[in-house]
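Chemist: Pasting the sequence and the predicted model now:
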Amino acid sequence: MGTLQVSPIPDKPSVFFPEIASAEDKFRACLQCGVCSASCPMAKAMDFPPRKAVKMLMEGRFNEVVESNTPWLCVSCHTCAARCPSKLQISDGLFPALRAAVMAGGKPLPSDLQKALQNTYLYGNPMGESPRKRADWAKTAGVPVPRISQLRRPVDVLWIVECSPSFDPRNQEVSRKLARILNTLGVDFAILGHEERCMGDCEWLAGERGLFEMHIERNIDIFNKYRFKQILLTDPHAYRALRNIYPSMGGVFDVQHYTQFLAERLDQLKPLLKQKLNATVTYHDSCCLGRKMSIYDGPRALLQALPGLKLVEMIQNRESSLCCGGGSVTVFLDRFIQERVKDRLADQRVEQAVATKAEILAVACPYEPSRFEDAVKITGHEGKLMVCDIIEMLANSMGLA
Amino acid sequence: MNIAVLAKQVPDLVEGLEIDPSGKALDVNYLRYILSESDDHALEQALLLKEKVGGRVEVFALNQGEARESLVAAIAKGADRAVLVDAGLDSPLNNHAAAQIFAGLLGGGLFDLILTGVRAIDDLDGSLGGLVAGSLDLPYAALIRKAEADGDGKTVIVQKEYPGGYAVELVVRLPAVLGIQAAEQPPRYVPISRLRQVMKTATVEEVSVAPPSQQPLDVTCLFKPEEGAGAVMISGGAQEAARQIMSLLSERRLLR
């Protein structure tokens, strides 16, 4: 499949949860061409697929959409917006607005999402883990992972580990490996530890403006308390928030996703990649890193630096990549979606990976390892396809496993 | 329908619990408090009733933990009045003492219904509702999972849970006290923008009351559950595992 040339549209605060009236204004630019609905992997299950939803908005019948199943079926894959000829922010503008309208109307939310939002308010992470235990993963990293508050000096890199890589056991292992890689590269880095809270992408997409603003304001205060040259992120969603949204709220920082950070240091990395991999690998472009942030080449460059690795592409790749079905807020809509949609996107994606005859499905987003590992079991490909974060593959080749 | 909701603070288990050096109380250094879950359901049930038949919802909480925060959240959800009750005591009150205070505030026919969670996780005592009802000489029904207003405004129809998955419908004469197990629907979500706005504008009334004559609970000893000997892991194939299970069951005389 060819690649579609699209440029990402930066998020603007003006499209963030617009009041219904201003949303109407913005979406008057809609041509009703239907590219959004035709591109949407969830459209067939929606009462109002994107084009229809915009039409309803233009006709002043937005309430019917708010009360339908539509607000909670969008997986935020951004295909609609990336392909929209009028450059309308559908998945990141219209859908958060729909969800905000559901909340403002006091209507019930999908229960997993409600719990996640309540947890994020109380503890700064959607899992409801103790904020004091946020850096517990680092105790077994085998290398120093200093907290910036303890260092009492400026650092080069402030690493925002984010929620899932801090608390989820599968991803904690990836975090420990990134710590070892940074240590080996001699990077002067530190983490926030118990001061770190959710970076807010989830709340944005959930339409929870108040919670989002609360976290952003707090996070910017914390960032301003310390001195560092740049922020390093493990989670593409946090990267998007810091790149596209924080600046409009006064938080201007130099931020990089780890794939960019490491790709810039390939010359230093390459001699350290000693262990041969001898495997065929296919890479899954996550929606957030790819379609939303246009990062396609860095992850591939890192993979191709691994000795013995053969990189193959899935039928849907780069701008046309198929969503894993569970990025950011969608993780907490999983049950709601599964009760209404039979074909899981993660299963379809794993089938695409298997079709390439790859032995490893490489990912660069913390939502994906567990999601795709489940899908590998569900589709009956256990033992045939491994799911690895690029960090794990680099660490293994560097002998840091 | 005028409804009073009694809201209690309980320790938030997310932080884990430690016992302080006295051996008689929880270590409060890292303890945070949240609204008792079944009280949250009592509030939800009260708000649902108000939305259907009109009236007022007033929430009362003893001044402990994050009670003020919980009262603000109750206003954000739709409560009409929030009252922080201060008895000038540092230590938590037992249900007898709390019931004495609440009965003093809620008597005199002010309310058609008094709702409270059926029990709280910190004491699993479950006696507050019954004690308040006893003091005020009102009917009391507990383990309620649904409450609907009857047309005449003199009764409510409630569903009460029984063991074994059974439930009965009861007609309860008003005024009455109900111990809520679960509301008809999960407690509602309050968008944080609304919560923050309410924090700035809402008033939580403060009421000082005399310390109760019933003394606060006297704890003699607090300890963590003792660990058992652990589980027996059964390995091997299905046949072998089944044989081992059968032999374990017969050893323990669990087979007839």
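Modeler: Right, received. Where do you want to start? Residues are numbered from 1 along each chain as shown, chains lettered A, B, ... in the order given.
Chemist: Number of residues surrounding the residue of chain A found nearest chain B?
Modeler: Proximity of chain A to chain B (CB to the nearest CB) peaks at A:Gly210, 2.9 Å away. C-beta coordinates here come from the backbone N, C-alpha and C atoms, glycine included. Using other CB atoms under 10 Å in any protein chain shown, A:Gly210 has 20 neighbouring residues.
Chemist: Equivalent analysis for the one 10 residues further on, please.
Modeler: Neighbour count of A:Ile220, defined by other CB under 10 Å: 16.
Chemist: next structured bit after the helix or strand bottoming out on mean pLDDT in chain A?
Modeler: When the helices and strands of chain A are scored by mean pLDDT, DSSP states H and E, helix A:20-27 comes last with a mean of 60. Following helix A:20-27 in sequence order, the next helix or strand is helix A:35-39 (DSSP states H and E).
Chemist: Now the element after that next one, going C-ward?
Modeler: Defined by DSSP H and E, the subsequent element after helix A:35-39 is helix A:50-58.
Chemist: what about chain A, any weak spots by pLDDT?
Modeler: Residue ranges of chain A with pLDDT under 70: A:1-25.
Chemist: Quick check: can you list the domain ranges of it?
Modeler: Under the assignment automatic domain parsing, the domains of chain A span A:13-104, A:130-194+A:217-263, A:269-397.
Chemist: Figure out how far the shortest one is from the centre of its chain.
Modeler: To tie it back to what came earlier, the one meant is domain A:13-104. 20 Å (CA atoms, centre = their mean, to the nearest Å).
Chemist: re the thing from before, tell me which of the domains of chain A lies nearest to B:Gly109.
Modeler: The stretch from the domains of chain A with the least distance to B:Gly109 (CB to CB) is domain A:13-104; that distance is 37.1 Å.
Chemist: so what's A:Phe261 up against?
Modeler: A:Val157, A:Leu232 (CB atoms under 8 Å, 6 or more residues apart in numbering or on different chains).
Chemist: what's around the residue lying closest to B:Leu128 once chain neighbours are set aside, how many residues?
Modeler: Once flanking residues are discounted, B:Leu128 sits nearest to B:Asn95: 4.5 Å by CB to CB, 6 or more residues apart in numbering or on different chains. Here the count is done by other CB under 10 Å, and B:Asn95 has 22 residues near it.
Chemist: One more: A:Asn183?
Modeler: For A:Asn183, using other CB under 10 Å, the count is 16.
Chemist: With B:Phe102 instead?
Modeler: Neighbours of B:Phe102 (other CB under 10 Å): 26.
Chemist: helix or strand for it, which one?
Modeler: Assigned by DSSP H and E, B:Phe102 falls within helix B:95-106.
Chemist: what's next to that helix, contact-wise?
Modeler: By CB under 8 Å, 6+ apart, helix B:95-106 touches B:4, B:6, B:8, B:60, B:62, B:83, B:85, B:87, B:93, B:114, B:123, B:125, B:127-128, B:131-132, B:134-136, B:207, B:209, B:212-217.
Chemist: buried subset of these?
Modeler: Neighbour-count burial (16 or more other CB atoms under 10 Å in any protein chain shown) applied to those gives B:4, B:6, B:8, B:60, B:62, B:83, B:85, B:87, B:93, B:114, B:127-128, B:131-132, B:135-136, B:212, B:214, B:216.
Chemist: And for A:Ser39, nearest residue in space, chain neighbours not counted?
Modeler: What sits nearest to A:Ser39 in space, not counting adjacent residues and going by CB to CB, 6+ apart, is A:Thr79, at 4.4 Å.
Chemist: I'd like to know which of the buried ones among the contacts of helix B:95-106 are part of strands.
Modeler: The strands, defined by DSSP state E, take in B:Ala4, B:Leu6, B:Phe60, B:Leu62, B:Val83, B:Val85, B:Ile114 from these.
Chemist: Quick one: those residues as JSON lines, columns for distance to chain A and pLDDT too.
Modeler: Formatted as JSON lines, those follow (distance: CB to the nearest CB, whole Å; pLDDT from 0 to 100):
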{"residue": "B:Ala4", "distance to chain A": "22", "pLDDT": "98"}
{"residue": "B:Leu6", "distance to chain A": "22", "pLDDT": "98"}
{"residue": "B:Phe60", "distance to chain A": "23", "pLDDT": "98"}
{"residue": "B:Leu62", "distance to chain A": "21", "pLDDT": "95"}
{"residue": "B:Val83", "distance to chain A": "24", "pLDDT": "98"}
{"residue": "B:Val85", "distance to chain A": "24", "pLDDT": "97"}
{"residue": "B:Ile114", "distance to chain A": "25", "pLDDT": "98"}
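Chemist: what two of those residues have the greatest distance between them?
Modeler: Among those, B:Leu62 and B:Ile114 lie farthest apart (CB to CB), at 15.0 Å.
Chemist: what are the ranges of the strands in the chain?
Modeler: Let's take chain A. With DSSP E as the criterion, chain A has strands at A:155-160, A:189-191, A:228-233, A:255-257, A:279-283, A:309-312, A:360-363, A:386-389.
Chemist: You answered for a different chain; I wanted chain B.
Modeler: Ranges of strands in chain B, per DSSP E, are B:2-7, B:9-11, B:33-35, B:56-62, B:81-86, B:113-117, B:140-149, B:155-162, B:166-173, B:176-180, B:205-208.
Chemist: and A:Gly251, which of the ones you listed is closest to it?
Modeler: strand B:33-35 (30.2 Å).
Chemist: So which elements touch the closest one?
Modeler: strand B:9-11, helix B:67-77 (3 or more CB pairs under 8 Å, 6 or more residues apart in numbering or on different chains; DSSP states H and E).
Chemist: Would you mark the buried spots in the longest one?
Modeler: If I follow you right, that is helix B:67-77. The neighbour-count check on helix B:67-77 (16+ other CB under 10 Å) flags B:Ala67, B:Glu69, B:Ser70, B:Leu71, B:Val72, B:Ala73, B:Ala74, B:Ile75, B:Ala76, B:Lys77 as buried.
Chemist: Any residue of it touching chain A?
Modeler: No: using CB under 8 Å from any CB of the partner chain, helix B:67-77 stays clear of chain A, coming no nearer than 8.8 Å.
Chemist: which residues sit against that helix?
Modeler: Contact with helix B:67-77 is made by B:5, B:7, B:9, B:33-35, B:43-44, B:47, B:59, B:61, B:82-84, B:187-188, B:190, B:194-195, B:198-199, B:202, B:204, as judged by CB under 8 Å, 6+ apart.
Chemist: If anything else comes up later, I'll come back, but that's it for now.
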